[in-house]
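[1] Need the 3D shape of this:
(chains A and B, ligands or ions: 2)
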Amino acid sequence: MIELAQTTIGGVLTGLVYGLVALSFVVIYRAARIVNVAQGQLVLVGAFLLWTAASALGLPLWLAVPAALAGTGLLGVVLERLVFRPLVGQSGFTIVLATIALLVLLQGLVQLLWGAETRPFPAVLPSGSLHLGPFRLNRTLLLGGVLTVLLTEVLHWFFLHTREGLRLAAVAEDHFTALSMGISVRRATTIAWLLGGALACLAAMVLLSGRLLGASAAGIGFVALPVALLGGLESVRGAALAGVIVGVGEALASAYLDPLTNGAMSPIFPFALMVIVLLIRPQGLFGWRVIERL
Amino acid sequence: MSADPPLLELRNVDVVFNGVIQVLRGASLTVPAGAVVALLGANGAGKTTALRAVSGLLATEQGRVTAGHIGYAGADITNADPCAIVARGLVQVLDGRRVLAHLSVAQNLRAGAHFRRDFDEPAELARVLGYFPALERLMRRTAGYLSGGEMQMLLVGRALMARPRLMLLDEPSMGLAPRIAQELFATIRRINRAEGMAILLVEQNAAAALEICDHGYVMETGRVVLHGDRAALLANEDMRAFYLGLSLTQARRSYREVKHYKRRKRWLG
Ligand SMILES: Nc1ncnc2c1ncn2[C@@H]1O[C@H](COP(=O)(O)OP(=O)(O)OP(=O)(O)O)[C@@H](O)[C@H]1O
Ligand SMILES: [Mg+2]
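    Ligands and ions are numbered 1, 2, ... in the order given. You can find the predicted model right below:
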């Protein structure tokens, strides 16, 4: 029983990291209607930017962290300008292909700039484990999880109660209507990519703090994509919740099914769940409507 | 007639889509400050296109004003940026009930005022609810679940939140029950009077539009074929025959039989 609870708790915490990456998908999708398949690579670039600032340049964390967040956000904005803005009005298929090309491109770029070897990632968050009764909690993930929940609530509030947030929400609903209300769709899209990039970088920090950084870190993008689809691509809270569902499911599959299946079940789990949910409810748990793109 | 320049003026405006499809052909119309002006015409005449030309929304559909001039409050707004146009107090209510479906009624209204700095939100909401008291109990309702009439009230209310000097309304009565449509028109007139806000109203329901307008224009295939003040339009034989379903002489006549109409068309065309 305790083992089951322990596995579940671990799943919740890992799931919230997925939720954080999924959140970065959602923020971009809402404004731009783009499912950025290369979001994992944005996470990777964010990680290397932080490594560069903190480890290579030796900046203190209070400086390196904001610099990396801003840098990744700016990369998002640059990608929007150079790759996606010229494609406005093109078919969803074209745009998905562009994000796949971007994935390969960014992966190559990271290898070119930072090489292929793995390196220790700075400990941005406190490490070690916290003992709570019979349970052990990973301190990094716990803090990251709390951060994700807070951020989800802040973003949810931001979209519904602030001027800028309402503008972004209107753009998420319909570009033409937003424009007719005098809302600049371009500006909203820029803000969304800035936010999406920064969130990807934040996810990198939670995921990698005190661990090893290598090209494989981008793989989180492939778990977060089904999480985002499951939660519903427009839903901020859905992303975090779907992250928890996938994280717990994956942890349970890993603990109880993997031993019987040569470790095949846990990697499949997020995708299997996604396919099932999409068959029953194509817009995801909290999404708005049928997904047109992807 | 006063010598003041009109609030809005379209002079010989041509609109072309995709570089080849010409939809407006030398359309001209004016909206004096504080007036209600009706823009009537058959389906496909170019009414919506005319409104979108004014509000700067053609570019998203690969359309452009290729000739002529659109002036608003002393400035040239031909092919201007829609955000800049809204910021000058010219707001369009699109056709097709485009509420922000996943936001609440209150959030929709707030979003309408998104660009205003000097903004007393409770007072502004109260002002809008004064015109549309039915929205009061719906404030927390998700806008996508409102009835058609409620949506239309919300849309006009959302536009009002911007405190426009000129509101463009595209077929607000579409799909509404006659009584609801009648109420809506009465409220539109009341808003016009109380706020001194000019309105350019596109309508299929010509009788209702003529009832509340000061002036009216009739478009056909991208041209203005008839215009005049309310009384003149109501008395006009062609107007009565085609748009009001009335006739001085007999029951409905077909399009081709009306001499006045043809004559006028040759004249203006
Ligand atoms: N984006 C576009 N591209 C090409 N042609 C267009 C476009 N938008 C409108 N048109 C054409 O322009 C003409 C006028 O359309 P418009 O929507 O302005 O008519 P309308 O008077 O508003 O009609 P309705 O009363 O049916 O709303 C139509 O023939 C239409 O097919
Ligand atoms: Mg129309």
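[2] show me where chain B has strands.
    For chain B, the strands defined by DSSP state E cover B:8-17, B:21-31, B:36-41, B:63-72, B:75-76, B:90-93, B:166-170, B:198-202, B:215-220, B:223-229.
[3] so can I have a markdown table of these showing distance to chain A and mean pLDDT?
    In this view, the C-beta of every residue, glycine as well, is placed from N, C-alpha and C. Below are these laid out as a markdown table (distance: least, CB to the nearest CB, whole Å; pLDDT from 0 to 100):
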| stretch | distance to chain A | mean pLDDT |
| --- | --- | --- |
| strand B:8-17 | 14 | 97 |
| strand B:21-31 | 17 | 96 |
| strand B:36-41 | 17 | 96 |
| strand B:63-72 | 13 | 96 |
| strand B:75-76 | 16 | 96 |
| strand B:90-93 | 5 | 97 |
| strand B:166-170 | 9 | 98 |
| strand B:198-202 | 14 | 98 |
| strand B:215-220 | 21 | 95 |
| strand B:223-229 | 24 | 94 |
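[4] A:Trp62 is nearest to which of the ones you listed?
    strand B:90-93 (45.5 Å; CB to CB).
[5] Give me the helices and strands touching the closest one, please.
    Judged by 3 or more CB pairs under 8 Å, 6 or more residues apart in numbering or on different chains; DSSP states H and E, strand B:90-93 is in contact with helix B:47-55, helix B:148-160, strand B:166-170.
[6] got the ones you listed as a markdown table, with distance to A:Phe158 columns?
    Shown next, in a markdown table, are the helices and strands packed on strand B:90-93 (distance: least, CB to CB, whole Å):
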| stretch | distance to A:Phe158 |
| --- | --- |
| helix B:47-55 | 28 |
| helix B:148-160 | 20 |
| strand B:166-170 | 30 |
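[7] Out of those, the one nearest B:Asp4 is which?
    Closest approach to B:Asp4 among the helices and strands packed on strand B:90-93 is made by strand B:166-170 (14.3 Å; CB to CB).
[8] ok and the closest one relative to strand B:198-202, angle-wise?
    Orientation of strand B:166-170 against strand B:198-202 (axes from the mean of the first three to the mean of the last three CA atoms, to 10 degrees) gives an angle of 10 degrees.
[9] Within its sheet, name the partner strands of strand B:166-170 and how each one runs.
    If you go by DSSP bridges, strand B:166-170 pairs up with strand B:90-93 (parallel), strand B:198-202 (parallel).
[10] Would you mind giving the ones you listed as a markdown table with distance to A:Ala178 and mean neighbour count added?
    Shown next, in a markdown table, are these (distance: least, CB to CB, whole Å; neighbours: other CB atoms under 10 Å in any protein chain shown):
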| stretch | distance to A:Ala178 | mean neighbour count |
| --- | --- | --- |
| strand B:90-93 | 12 | 26 |
| strand B:198-202 | 21 | 26 |
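[11] Spell out which parts of the stretch 101-250 of chain A neighbour chain B.
    Residues of the stretch 101-250 of chain A lying close to chain B (CB under 8 Å from any CB of the partner chain) are A:160, A:163, A:166-167, A:169-170, A:172-177, A:179-184, A:234.
[12] try 6 Å this time
    For the stretch 101-250 of chain A, the residues found near chain B under the criterion CB under 6 Å from any CB of the partner chain are A:Arg163, A:Leu166, A:Arg167, A:Ala169, A:Ala170, A:Glu173, A:Thr177, A:Leu179, A:Ser180, A:Gly182, A:Ser184.
[13] so what's the fifth one closest to, chain neighbours aside?
    Distance criterion CB to CB, 6 or more residues apart in numbering or on different chains; nearest residue to A:Ala170, sequence neighbours excluded, is A:Ala178 at 4.3 Å.
[14] right, and the one you found touches A:Ala169 too?
    No - taking CB atoms under 6 Å as the definition, A:Ala178 is not a contact partner of A:Ala169, at 9.1 Å.
[15] thinking again about what came up before, any chance of the strands paired with strand B:166-170 in JSON lines with distance to ligand 1 as columns?
    Shown next, in JSON lines, are the strands paired with strand B:166-170 (distance: least, CB to the nearest ligand atom, whole Å):
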{"stretch": "strand B:90-93", "distance to ligand 1": "13"}
{"stretch": "strand B:198-202", "distance to ligand 1": "7"}
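[16] would you list the ones you listed in JSON lines and tack on distance to B:Glu124?
    Formatted as JSON lines, the strands paired with strand B:166-170 follow (distance: least, CB to CB, whole Å):
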{"stretch": "strand B:90-93", "distance to B:Glu124": "14"}
{"stretch": "strand B:198-202", "distance to B:Glu124": "19"}
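[17] ok, for B:Tyr72, nearest residue in space, not its chain neighbours?
    Using CB to CB, 6+ apart, the closest residue to B:Tyr72 is B:Leu8 (5.1 Å).
[18] near ligand 1, which residues of the stretch 151-269 of chain B show up?
    B:Gln204 (CB under 6 Å from any ligand atom).
[19] Low-confidence regions, chain A specifically.
    Regions of chain A meeting the criterion pLDDT under 70 cover residues A:289-294.
[20] Now do the strands in it.
    A:119-120, A:129-132, A:135-138, A:212-213.
[21] wait, A:Val124 sits on A:Ser209?
    Yes - with contact defined as CB under 6 Å, A:Val124 counts as touching A:Ser209 (4.5 Å).
[22] picking that back up, so which of the strands of chain A gets nearest ligand 1?
    Judged by CB to the nearest ligand atom, the one of the strands of chain A that comes nearest to ligand 1 is strand A:212-213, at 49.8 Å.
[23] Against which helices or strands is that closest one packed?
    Packed against strand A:212-213, as judged by 3 or more CB pairs under 6 Å, 6 or more residues apart in numbering or on different chains; DSSP states H and E, are no other helices or strands.
[24] What pairs with that strand, parallel or antiparallel?
    By DSSP bridges, strand A:212-213 pairs with strand A:119-120 (antiparallel).
[25] so what's A:Thr52 up against?
    Shown in contact with A:Thr52 (CB atoms under 6 Å, 6 or more residues apart in numbering or on different chains): no residues.
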